[in-house]
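> Give me the fold of what follows.
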Amino acid sequence: MRLLADEHVPTAFVSALDGEGHDVAVVGNEIPMSADDEVLLEYARETNRLILSQDTDFRGADQELESESFPGVLACDPTASPGEIATAVRRIDAVTDNLAETVLYVPGEWL
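Numbering: from 1, shown residues only. Below is the predicted model:
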């Protein structure tokens, strides 16, 4: 799975996902820290990545973002363990290949 980890995603989550073989780009490396949500969305669209975020804007709180097409968001629980996040993403990846305009909560019901 190709992911873009927002700047607030713990590095342990990124490491766990990378260890599972996922292609994880990280805000701060690929695009500047504190970039607007629109910049993240555009980068994710252009590079065919899902956004991995703890930011509530990507969890459906921002009505303006909801009205536009977006590549898909995995809204991660900051209290989850890196292993739980990696397991949930592995299971999601196994059952779907198109999460466009979808927000899934991880680990959620994916454990």
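> So which residues of this structure form helices?
With DSSP state H, the ranges of helices along the chain come out as 11-19, 37-47, 63-66, 82-95.
> Dig out what residue 103 forms beta bridges with.
In this entry, residue 103 is beta-bridged to residue 73, by DSSP bridges.
> what about it, how many residues close to it?
16 (other Cβ atoms under 10 Å). Yep, even glycine has a C-beta here, placed from its N, CA and C like the rest.
> gap between it and residue 11?
23 Å (Cβ to Cβ, to the nearest Å).
> Can you check what pLDDT the model gives the nearest residue to residue 7 once chain neighbours are set aside?
Computed as Cβ to Cβ, 6 or more residues apart in numbering, the closest residue to residue 7 that is not its neighbour in sequence is residue 27, at 4.3 Å. For residue 27, the model assigns a pLDDT of 95.
> Next, residue 27: phi, psi?
As for residue 27, its main-chain torsions (degrees, to the nearest 10) stand at phi -60, psi 130.
> quick one, what contacts it?
Residues counted as contacts of residue 27 (Cβ atoms under 8 Å, 6 or more residues apart in numbering) are 4, 5, 6, 7, 33, 35, 40.
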